[in-house]
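Engineer: let me see the structure of the following:
(2 chains)
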Number of protein chains: 2
Amino acid sequence: MINKVPQAAVPRLSLYYRALLESRGKDYVSSDELSKLTNFTAAQVRRDLTYFGQFGTPGKGYEIEGLKKAILGILGTDKNWDVALVGAGNLGTALLSYKGFKQQGFKILSAFDNDLRKIGKTLEGITVQDISELEKTVSEQGIQIAIVATSTEGAQEVIDTLIRAGVKAILNFTPIRAQTPEEAIVLNIDLSIELERLAYFLTKAKA
Amino acid sequence: MINKVPQAAVPRLSLYYRALLESRGKDYVSSDELSKLTNFTAAQVRRDLTYFGQFGTPGKGYEIEGLKKAILGILGTDKNWDVALVGAGNLGTALLSYKGFKQQGFKILSAFDNDLRKIGKTLEGITVQDISELEKTVSEQGIQIAIVATSTEGAQEVIDTLIRAGVKAILNFTPIRAQTPEEAIVLNIDLSIELERLAYFLTKAKA
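Structural biologist: Numbering: from 1, shown residues only, chains lettered A, B, ... in the order given. Next up is the predicted model:
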């Protein structure tokens, strides 16, 4: 039954989990409290958490530890994931030192670049490898998740190579809309969209 | 009437706009085509675009140029926005050279850091200023949008200073959950959530 969580609810589950982490020292949390912590309406919280009905008690709220474990199980973050990073420029370097990844169980295991000035450098304990080693290394390490933080040129080739190496899920920071086979997923990160949400807020506030 | 677009639809409007840009050389686009380009269902597309009903013609689809202009008007991206960047480390430097911002009308006008090795450096045509000049400069430039890409320590102080300087909308890349007055908005960027969506995809694919 828990498997029926709709795709659109997945990022919200991540946020509920973070809110539950903030509810330390308590056994139960109400949908109103989760609503305040996440800025979703209490109705939205309750609807999303019907999938976890067994952790809700009328009048008491949700049993925090059980709900946390159930969400981790659904998200697949009850285990650790190895991640390959392609592109060790400013963005790649920033992502290598991004603490949130490790906290949520994502470990960047290897990093690649095609720039001779970057290859061989050690960043955050990871030695940047030549991109020509990408397919072999990722395949040997059995990595399933990759982050692409290269320049636009060559990004599709990098994604093709990752797929050949067995990667099934890619976080793409380049502006290309990648072609991928159906069994793989590419999430495109477009930070302008977040700025557009701010512009909308400012425009509406004036209207 | 157009002003009633619900907040949750705003990021989708950004994606429809990008899809419309890809539909060059045509006058009309159908909800099915927009569905394919954005990966939302055609029903979702049609519901979101009821707010722009005057651009839809049964059997023909949506009139592209009119719809593009209307979405830009709603999002407030029919004009340019000046942006202040605080934190000129790896992430800040990556954001300074992020092409998507300029394409969508966001121009980083000034950058700040508290690291003497960074202050005075010119990156992408912007000279990094001492953070002690933050309030004065941002206030004089009348900037309303800021990006915070500092370390966790001091991030709340930076946000307080930005608000005092008149900033109303902040994109926060630090892990802090900032305290802000009600008239301002802070969007927290948590890149782990995107990796969790990938973990969910991989876990579900195996189930």
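Engineer: does chain B sit close to the helix or strand harbouring A:Ser35?
Structural biologist: Element membership of A:Ser35 [criterion: DSSP states H and E] is helix A:31-38. No. Shown here: helix A:31-38 not in contact with chain B (C-beta under 8 Å from any C-beta of the partner chain), separated by at least 8.8 Å. In this view, the C-beta of every residue, glycine as well, is placed from N, C-alpha and C.
Engineer: now the element after that helix, going C-ward?
Structural biologist: Next element after helix A:31-38 (DSSP H and E): helix A:42-49.
Engineer: for that next one, packing partners?
Structural biologist: helix A:10-22, helix A:31-38 (3 or more C-beta pairs under 8 Å, 6 or more residues apart in numbering or on different chains; DSSP states H and E).
Engineer: now it: mean pLDDT?
Structural biologist: Mean pLDDT, helix A:42-49: 89.
Engineer: following it, which helix or strand shows up next?
Structural biologist: Following helix A:42-49 in sequence, per DSSP H and E, is strand A:56-57.
Engineer: give me the residues contacting whatever helix or strand comes next after that following strand.
Structural biologist: Next helix or strand after strand A:56-57 toward the C-terminus (DSSP H and E): strand A:61-63. For strand A:61-63, contacts defined as C-beta atoms under 8 Å, 6 or more residues apart in numbering or on different chains pick out A:27-31, A:33-34, A:49, A:52, A:55-57.
Engineer: ok, is the strand ranked longest in chain A in contact with chain B or not?
Structural biologist: In chain A, assigned by DSSP state E, the strand with the most residues is strand A:106-113. Yes. On the criterion C-beta under 8 Å from any C-beta, strand A:106-113 is in touch with chain B at A:Phe106.
Engineer: distance from that strand to the middle of the chain?
Structural biologist: Centroid separation for strand A:106-113 versus its chain: 15 Å, with C-alpha atoms, centre = their mean, to the nearest Å.
Engineer: C-alpha coordinates for it, PDB please?
Structural biologist: Output of strand A:106-113 as PDB, limited to C-alpha atoms (Å, rounded to 0.1, in the frame of the first residue of the first chain):
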ATOM      1  CA  PHE A 106      24.700  10.300  -0.800                       C
ATOM      2  CA  LYS A 107      28.400   9.800  -1.100                       C
ATOM      3  CA  ILE A 108      30.300  11.200  -4.100                       C
ATOM      4  CA  LEU A 109      32.700   8.300  -4.700                       C
ATOM      5  CA  SER A 110      34.500   9.500  -7.900                       C
ATOM      6  CA  ALA A 111      34.900  12.700  -9.800                       C
ATOM      7  CA  PHE A 112      35.900  13.300 -13.500                       C
ATOM      8  CA  ASP A 113      36.900  16.100 -15.700                       C
END
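Engineer: buried stuff in it?
Structural biologist: Within strand A:106-113, the residues that count as buried by 16 or more other C-beta atoms under 10 Å in any protein chain shown are A:106, A:108-113.
Engineer: out of the helices and strands packed on helix A:42-49, the one nearest B:Thr122 is which?
Structural biologist: Closest to B:Thr122 of the helices and strands packed on helix A:42-49 is helix A:10-22 (C-beta to C-beta; 37.5 Å).
Engineer: packing partners of that closest one?
Structural biologist: So helix A:10-22, by 3+ C-beta pairs under 8 Å, 6+ apart, packs with helix A:31-38, helix A:42-49, helix A:64-75, helix B:191-206.
Engineer: the ones you listed: which one's closest to B:Leu20?
Structural biologist: Among the helices and strands packed on helix A:10-22, helix B:191-206 sits nearest to B:Leu20 (C-beta to C-beta), with 24.4 Å.
Engineer: all good on my end, thank you.
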